[in-house]
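Chemist: this one's sequence-less:
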């Protein structure tokens, strides 16, 4: 869709950080249906900028605070009119051919009264699609009229919300997760801290947040179940129960060896880590923020000498 086209304008926004491996295919996929592609980068030191600009994207740098604020800032800086369409994707999310056609059709001729569209995300791990387990189906609002929607204000598990009705699009958003296990677990370690902090500071949701509701869409039902059932279950019991649900009841074992690793890490390890950080906050808030005391060292049999000079090194 060229910028001079008479068809409705669609701006795609991509957040990046050291995304040189995937940014070209991401920009090319959204570029085929967009009037404009904006990449908002948070300080990449690799070839992300060079590759993104070569693929036809506008490149803007902005310091990263959290995903919610970065996404909201990116939409604001784009300067979109209220009736213009905006599509949000991450730096490793690629539109399938079917989804690209659905996006173009939705923007060109949207159903009456619909201001946003949900897309189904398909996660990958080690290059293999994860078609089973708790992640499927996974619906996310990513396409909407700019004046109607925004990213909710949360530290983790942010969704986009709109003032109006939404519909679903055909096709998948391919979440490649094209990183090694070290990077994958490092990211989830950071997100577990954000999730724990989100829970510890839990307040009533504002109008800017996805509402929890048993009669809402899948995202709203999931939020209700998380707030009203998940967080009332005992610490550490819930990750075990969740893994059993994801791997056995939701047939995660059908995803093979890569699926085994993914479901153990995603459904059990990540959730166990969140619980451990919640427990650490409640029981040991000050312990690790200071050196061990003499009393603690003595009680634990440590050998130390207070007030004595350290022996001189020989030689």
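Modeler: Thanks, I have it. Just so it is clear, the model here is predicted, and its values are computed rather than measured.
Chemist: Show the model's pLDDT score for residue 2.
Modeler: We have a pLDDT of 43 for residue 2.
Chemist: Likewise for residue 287?
Modeler: 79.
Chemist: The residue nearest the centre of the chain: what's its closest spatial neighbour, skipping adjacent residues?
Modeler: Centroid-nearest residue in the chain: residue 157, 5.9 Å away (criterion: CA atoms, centre = their mean). Spatially, and ignoring its direct neighbours in sequence, residue 157 is nearest to residue 195 (6.9 Å; CB to CB, 6 or more residues apart in numbering). To be clear about C-beta, it is placed using only N, CA and C from the backbone, and glycine gets the same treatment.
Chemist: Surely that neighbour touches residue 156?
Modeler: Yes: in this structure, residue 195 is within contact of residue 156 by CB atoms under 8 Å, at 4.4 Å.
Chemist: Who has more neighbours out of the two?
Modeler: Remark: of residue 195 and residue 156, residue 195 carries more neighbours, 22 against 18, as counted by other CB atoms under 10 Å.
Chemist: now that one: how far from residue 270?
Modeler: Between residue 195 and residue 270 the computed distance is 8 Å (CB to CB, to the nearest Å).
Chemist: May I have the phi/psi pair for residue 90?
Modeler: phi -90, psi 170 (degrees, to the nearest 10).
Chemist: Neighbours of the closest residue to it other than its chain neighbours, how many?
Modeler: Nearest residue to residue 90, sequence neighbours excluded (CB to CB, 6+ apart): residue 15, at 6.1 Å. Using other CB under 10 Å, residue 15 has 20 other residues around it.
Chemist: How about the backbone phi and psi for the nearest residue to residue 36 once chain neighbours are set aside?
Modeler: The shortest distance from residue 36 to any non-neighbouring residue, by CB to CB, 6+ apart, is to residue 11 (4.6 Å). With angles defined as degrees, to the nearest 10, residue 11 sits at phi -110, psi 130.
Chemist: Run through the residues that contact residue 11.
Modeler: The contact partners of residue 11, by CB atoms under 8 Å, 6 or more residues apart in numbering, come to 34-38, 78, 80, 84-87, 146.
Chemist: How about residue 31?
Modeler: When contacts are counted by CB under 8 Å, 6+ apart, residue 31 touches 12, 37, 55-57.
Chemist: let's go with 7 Å and repeat that
Modeler: Residue 31 is in contact with 37, 55-56, counting by CB atoms under 7 Å, 6 or more residues apart in numbering.
Chemist: List the residues that contact the residue nearest to residue 22 when sequence neighbours are not counted.
Modeler: Counting by CB to CB, 6+ apart, residue 92 is the residue found nearest to residue 22 once chain neighbours are left out, at 4.6 Å. Neighbouring residues of residue 92 by CB under 7 Å, 6+ apart: 22, 26, 175-178.
Chemist: Check the residues you listed and tell me the two furthest apart.
Modeler: 26 and 177 (12.7 Å; CB to CB).
Chemist: Comparing those two, which residue is more hemmed in?
Modeler: residue 26 (27 against 19).
Chemist: quick one: the more buried one and residue 199, what's the gap?
Modeler: For residue 26, the distance to residue 199 - CB to CB - is 31 Å.
Chemist: Tell me the first helix or strand C-terminal of the strand or helix carrying residue 118.
Modeler: Using DSSP states H and E, residue 118 falls within strand 114-125. Per DSSP H and E, strand 114-125 leads on to strand 128-129 as the next helix or strand towards the C-terminus.
Chemist: Within the sheet, what are the partner strands of the helix or strand just after that following strand, with directions?
Modeler: Sequence order places strand 139-145 as the next helix or strand after strand 128-129, per DSSP H and E. Strand pairing for strand 139-145, determined by DSSP bridges: strand 85-90 (antiparallel), strand 114-125 (antiparallel).
Chemist: For residue 188, find the nearest of the ones you listed.
Modeler: strand 114-125 (12.0 Å).
Chemist: Show which residues not belonging to that closest one make contact with it.
Modeler: By CB under 7 Å, 6+ apart, the list of residues contacting strand 114-125 reads 99, 106, 129-130, 135, 137-145, 148-149, 162, 164-169, 172-177, 258, 262.
Chemist: 6 Å instead, please
Modeler: Defining contact as CB atoms under 6 Å, 6 or more residues apart in numbering, one finds that strand 114-125 is touched by 106, 129-130, 135, 137-145, 148-149, 162, 164-169, 172-177, 258, 262.
Chemist: now it: how far from the chain's centre is it?
Modeler: 13 Å (CA atoms, centre = their mean, to the nearest Å).
Chemist: Does anything pack onto the longest helix seen in the chain? Which helices or strands?
Modeler: Using DSSP state H, we find that the single longest helix of the chain is helix 181-200. Packing partners of helix 181-200 (3 or more CB pairs under 6 Å, 6 or more residues apart in numbering; DSSP states H and E): helix 270-283.
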